[in-house]
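Chemist: I need the structure of the sequence given here:
(one chain, ligands or ions: 3)
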Amino acid sequence: MKTLGPETIEQRLLALARLTQPGSLGVTRLLYTPAWHDAQALVYRWMEDAGLCPWWDAVGNVHGRVDGASETTILTGSHIDTVVNGGAYDGAYGVVGAIWALSHLKQRPFLRQSVEVVSFCEEEGSHFPITCWGSRALMGEVTPGDAKTICDPDGVSLRQAMDAHHLNADKISEAAKDYAAFVELHIEQGPWLEAQGKDIGVVTSIFGQERWTVRVKGVSRHAGTTALRDRHDALIAASRMVLAVQDVANSSEHIGIATVGELHVIGGSTNCVPGDVVFHVDLRAETDRVRQRLAGQLTHHFQQIAQSTGVTVAIEKNTDERMVKMDATLQNVIAGSCRSQGLSFMPIASRAGHDAQIIGRKIPTAMIFVPSHQGLSHHGEEYTAPEQLQRGVAVLLQTLEQLAQGLPGVGQDQSFATPNVLPGRWFG
Ligand code: GLV
Ligand code: MN
Ligand code: MN
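Modeler: Ligands and ions are numbered 1, 2, ... in the order given. Below you'll find the predicted structure:
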């Protein structure tokens with residue numbers, strides 16, 4: 001199967017969506033679960049059908065490749081894992097679309113540089129408290145020690161979970177590789193492209209992101225016999241902290257977003273004053289300065305609330321990713337591909353996190369977005385129309401082809417591209 005039409009891209013996304021953990025709403029495919037393994041195995045088969053000579057790397061990323069004349073390699077792809085109750089398009093589209101593009105590149109008689117597709121094993125951080133496990137391994141940023149110490153909520157370490165899939169954590173460093181550039185195709189996950197009526201988003205930067213685990217300790221007591229004034233109620237304190245998260249984000253005059261998406265009363269029961277609460281904060285901002293300022297304000301509020309409610313609070317940062325700019329030359333190549341195909345496009349900053357954030361710190365990186373219907377994502381009803389999926393993969397193919405033929409200057413210019421300064425440099 002060398003040439004795939006728009007229906008096939010959608011059909012493949014739906015085939016992957018069927019590989020989900022039992023009982024989930026939408027798609028739940030967490031790292032190193034049976035559903036995850038089945039999905040990577042299916043991706044492997046698709047790469048094999050396209051003649052991309054696939055292989056699994058040390059952490060369970062699946063790669064395929066079209067060889068060019070030189071050793072240097074352009075990388076494309078995205079992730080195969082999902083959030084709990086996620087959608088069929090987030091990550092999977094960039095994998096299926098990249099296989100489609102490489103199946104076409106495979107037909108070209110000559111490529112200067114090689115092109116590789118990767119289906120990253122993990123990006124979301126929804127199973128273990130680390131995001132982008134696959135791309136971090138590819139960039140040489142994780143160690144066997146990390147696999148031993150990072151555990152899921154049931155106390156299972158990454159190493160143990162890898163063992164179950166015959167992946168040897170001692171060989172993690174073998175996953176690291178060098179690439180000349182990375183281009184990730186993805187759904188937008190927000191409402192802006194649809195609202196502006198644009199076919200394609202050329203990503204300019206990815207918001208910095210922090211994830212915190214916050215533990216509030218009070219004193220658990222009898223709910224009937226403990227007077228309100230004598231309580232050290234961890235849930236009352238945590239609830240005030242949740243509202244402080246919203247207030248701090250609201251008060252930011254710049255774009256800052258903060259969310260509490262998970263909260264647990266540990267050992268709670270109806271007739272007990274809660275003594276132990278854990279919740280998680282997701283904090284993002286358009287610049288690192290704004291994010292750091294919001295983080296400082298939040299910490300201050302949490303400490304004040306703890307003091308006034310007679311509890312203690314401990315904050316642990318699990319993720320601290322700074323904002324990353326996308327490569328300006330690559331943005332121009334993508335814009336040129338849109339122009340030559342008569343597609344409308346706009347520059348857009350990504351508020352969602354991506355593997356491109358990890359890779360973009362090291363090598364020239366860019367992202368191509370397609371619209372998300374009603375901006376819905378991390379939801380079972382995530383949707384992008386087949387013709388929009390096809391436009392995105394066509395832009396990816398043309399972009400990769402330009403890069404594979406040896407584009408000069410990639411990575412030399414890190415200034416933001418804007419609509420007025422996106423020259424038709426490569427396509428007149
Ligand atoms: C990943 O999708 C994130 O933005 O959290
Ligand atoms: Mn994603
Ligand atoms: Mn996601």
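Chemist: any idea which residue sits dead centre in the chain?
Modeler: Residue closest to the average C-alpha location in the chain (C-alpha atoms, centre = their mean): residue 354, at 3.2 Å.
Chemist: ok, now which ones touch it?
Modeler: For residue 354, the contact set (C-beta atoms under 8 Å, 6 or more residues apart in numbering) comprises 78, 123, 184, 186, 206, 367. From N, CA and C alone the C-beta is placed, and that goes for glycine too.
Chemist: ok, residue 89 next?
Modeler: Contacts for residue 89 were tallied using C-beta under 8 Å, 6+ apart; they are 13, 187, 372, 377, 382, 383, 384.
Chemist: please apply the same query to residue 322.
Modeler: Contact partners of residue 322, counting by C-beta under 8 Å, 6+ apart, are 208, 288.
Chemist: ramachandran coordinates for residue 150?
Modeler: Residue 150 has phi and psi values of phi -90, psi 120 when expressed as degrees, to the nearest 10.
Chemist: what residues are up against it?
Modeler: Going by C-beta under 8 Å, 6+ apart, residue 150 touches 128, 129, 130, 157, 158.
Chemist: please apply the same query to residue 72.
Modeler: 113, 114, 179, 180.
Chemist: what's the closest of these to ligand 2?
Modeler: Sorting the contacts of residue 72 by distance to ligand 2 puts residue 179 at the head of the list, at 19.3 Å, by C-beta to the ion.
Chemist: tell me who's in contact with the closest one.
Modeler: Applying C-beta under 8 Å, 6+ apart, we find residue 179 in contact with 72, 73, 74, 75, 116, 359, 363.
Chemist: does stretch 266-281 reach ligand 1?
Modeler: No: if you take C-beta under 6 Å from any ligand atom as the test, stretch 266-281 misses ligand 1, and the best it gets is 11.6 Å.
Chemist: using CSV, write out the CA atom coordinates for that stretch.
Modeler: C-alpha atoms of stretch 266-281 as CSV (Å, rounded to 0.1, in the frame of the first residue of the first chain):
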residue,chain,number,x,y,z
ILE,A,266,-6.0,10.1,50.6
GLY,A,267,-7.7,7.5,52.8
GLY,A,268,-10.8,9.8,52.9
SER,A,269,-14.2,8.6,54.1
THR,A,270,-17.6,10.4,54.5
ASN,A,271,-17.4,10.6,58.3
CYS,A,272,-13.8,11.8,58.6
VAL,A,273,-12.3,15.3,58.4
PRO,A,274,-9.8,15.0,55.5
GLY,A,275,-6.2,14.8,56.7
ASP,A,276,-4.3,14.2,53.6
VAL,A,277,-4.9,15.6,50.0
VAL,A,278,-2.7,15.4,46.9
PHE,A,279,-3.5,17.5,43.8
HIS,A,280,-1.6,18.4,40.6
VAL,A,281,-1.1,21.8,39.1
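Chemist: phi, psi for the residue nearest to the centre of the chain please.
Modeler: Geometry field for residue 354 lists phi and psi as phi -150, psi 160, criterion degrees, to the nearest 10.
Chemist: now residue 217
Modeler: Geometry field for residue 217 lists phi and psi as phi -110, psi 120, criterion degrees, to the nearest 10.
Chemist: do you know how far residue 128 is from ligand 2?
Modeler: Using C-beta to the ion, to the nearest Å, one gets 16 Å for the distance from residue 128 to ligand 2.
Chemist: neighbours of that residue, how many?
Modeler: For residue 128, the count of nearby residues is 22 (other C-beta atoms under 10 Å).
Chemist: against ligand 1, how distant is it?
Modeler: As judged by C-beta to the nearest ligand atom, to the nearest Å, residue 128 and ligand 1 stand 14 Å apart.
Chemist: next: residue 38.
Modeler: For residue 38, the distance to ligand 1 equals 22 Å [C-beta to the nearest ligand atom].
Chemist: return the subset of the contacts of residue 150 lying in strands.
Modeler: Assignment to strands by DSSP state E places none of those there.
Chemist: most neighbours among these, which one?
Modeler: Counting by other C-beta under 10 Å, top hit in the contacts of residue 150: residue 158 with 27 neighbours.
Chemist: look up phi and psi at the residue lying closest to that residue once chain neighbours are set aside.
Modeler: Computed as C-beta to C-beta, 6 or more residues apart in numbering, the closest residue to residue 158 that is not its neighbour in sequence is residue 147, at 4.2 Å. Dihedral angles phi and psi of residue 147 (degrees, to the nearest 10) take the values phi -60, psi -30.
Chemist: wait, doesn't residue 147 sit right on residue 156?
Modeler: No: Residue 147 sits out of contact with residue 156 when judged by C-beta atoms under 8 Å, with a separation of 11.4 Å.
Chemist: the two: who's more crowded?
Modeler: Between residue 147 and residue 156, counted using other C-beta under 10 Å, residue 147 has the larger neighbour count: 25 against 14.
Chemist: what is the burial count for the residue lying closest to residue 87 once chain neighbours are set aside?
Modeler: The spatial neighbour of residue 87 that comes closest, neighbours along the chain excluded (C-beta to C-beta, 6+ apart), is residue 382 at 2.6 Å. Other residues within reach of residue 382 by the criterion other C-beta under 10 Å amount to 26.
Chemist: phi first, then psi, for residue 382.
Modeler: Phi and psi for residue 382, reported as degrees, to the nearest 10, are phi -50, psi 130.
Chemist: cool, and residue 324?
Modeler: Residue 324 adopts backbone torsions of phi -130, psi 130, taken as degrees, to the nearest 10.
Chemist: relative to ligand 2, how far out is it?
Modeler: As for residue 324, its distance to ligand 2 is 15 Å (criterion: C-beta to the ion).
Chemist: equivalent analysis for residue 208, please.
Modeler: Taking C-beta to the ion as the measure, residue 208 and ligand 2 are separated by 17 Å.
Chemist: list the contacts for that residue?
Modeler: 284, 285, 287, 288, 291, 321, 322, 323, 324.
Chemist: so the fifth one makes contact with residue 281?
Modeler: Read that as residue 291. No: applying C-beta under 8 Å as the test, residue 291 and residue 281 come out as separate, 11.9 Å apart.
Chemist: name the residues contacting each of the two.
Modeler: Here residue 291 and residue 281 share the contacting residues residue 210, scored by C-beta under 8 Å, 6+ apart.
Chemist: compare those two (neighbour count), which wins?
Modeler: Counted by other C-beta under 10 Å, residue 291 and residue 281 do not tie: residue 291 has more neighbours, with 26 against 23.
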